[in-house]
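[1] any chance you can model this:
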Amino acid sequence: MKDFFSFPEVVNEISARLVAFGVLSMALLSLVLINTNNTYTPILLLILLYGFLARTSSGPKISPLALLVTRIIVPKLNLGDKPVPGPPKRFAQSIGLVFSLFILVAWFSVNIALANTLLIILASFAFLESALGYCFGCKVFKLLIQTGLIPEDICEKCSNLEY
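    Reported below is the predicted structural model:
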């Protein structure tokens, strides 16, 4: 069971960027649906929340988006492998989890302005990751290691790989 709820020590940057593109797409679609009072809004927000929960808890094992990217898209397109440390990516996924939870709570509380604001922030970070390879959560993770708030031994690979 411990292996199931684990995150890879090293992940493929290309896969991470494509997953971020999927998150960006869902966040932008959510913005449209929220502002049109669409009945599918809570379903899409729950899918977004589940995806972050799945990736934070288990990596790509139970995330439909991550499975699609890692098992089908990257191999079919022969996009290669660019290894980066896993713990910073897991930290970034956990930030997305918190954001998506707050978005859902804001939507259910009928605070559409807050939900929109949080979706725009989430979409912005997903855009930075997918289009530019800039992982804001990874940068925060690095800063937390440098300040001693996260022990260095959490990510032994972080010193050898760029993020």
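[2] what about residue 87, which SS state?
    helix (DSSP: H, G, I helix; E, B strand; the rest coil).
[3] tell me which residues touch it, please.
    7, 9, 141, 154-155, 157-158 (C-beta atoms under 8 Å, 6 or more residues apart in numbering). C-beta coordinates here come from the backbone N, C-alpha and C atoms, glycine included.
[4] would you check how far apart it and residue 142 are?
    From residue 87 across to residue 142, the span is 10 Å (C-beta to C-beta, to the nearest Å).
[5] which residues do the two both contact?
    residue 158.
[6] could you pull out the helices in the chain for me?
    Ranges of helices in the chain, per DSSP state H, are 13-34, 41-58, 64-67, 74-77, 86-108, 112-127, 136-146.
[7] so what's the residue nearest the centre of the chain up against?
    With distances taken as C-alpha atoms, centre = their mean, residue 93 lies nearest the centre of the chain, 3.9 Å away. Applying C-beta under 8 Å, 6+ apart to residue 93 gives the contacts 52, 55-56, 137.
[8] go with 10 Å
    Counting by C-beta atoms under 10 Å, 6 or more residues apart in numbering, residue 93 makes contact with 7, 16, 19, 23, 51-57, 59, 63, 66, 137.
[9] let me know the closest of those to residue 147.
    For these, the minimum distance to residue 147 (C-beta to C-beta) is 15.6 Å, reached by residue 137.
[10] ok, now how distant is the closest one from residue 28?
    19 Å.
[11] same check, this time on residue 92
    19 Å.
[12] the more surrounded of the two?
    residue 92 (25 against 16; other C-beta atoms under 10 Å).
[13] ok, the more buried one touching residue 16?
    Yes. Counting by C-beta atoms under 10 Å, residue 16 is a contact partner of residue 92 at 8.5 Å.
[14] pLDDT below threshold where in the protein?
    Low-confidence segments of the chain (pLDDT under 70): 1-2, 157, 159-163.
[15] who wins for neighbours among the contacts of residue 87?
    For the contacts of residue 87, the largest number of neighbours (other C-beta under 10 Å) sits with residue 141, at 26 neighbours.
[16] hang on, isn't residue 142 packed against residue 92?
    No. Counting by C-beta under 10 Å, residue 142 stays clear of residue 92, with 11.1 Å between them.
[17] which residues does stretch 142-153 contact?
    With C-beta under 10 Å, 6+ apart as the criterion, stretch 142-153 contacts 85, 87-88, 91, 135, 140-141, 154-155, 158-159, 163.
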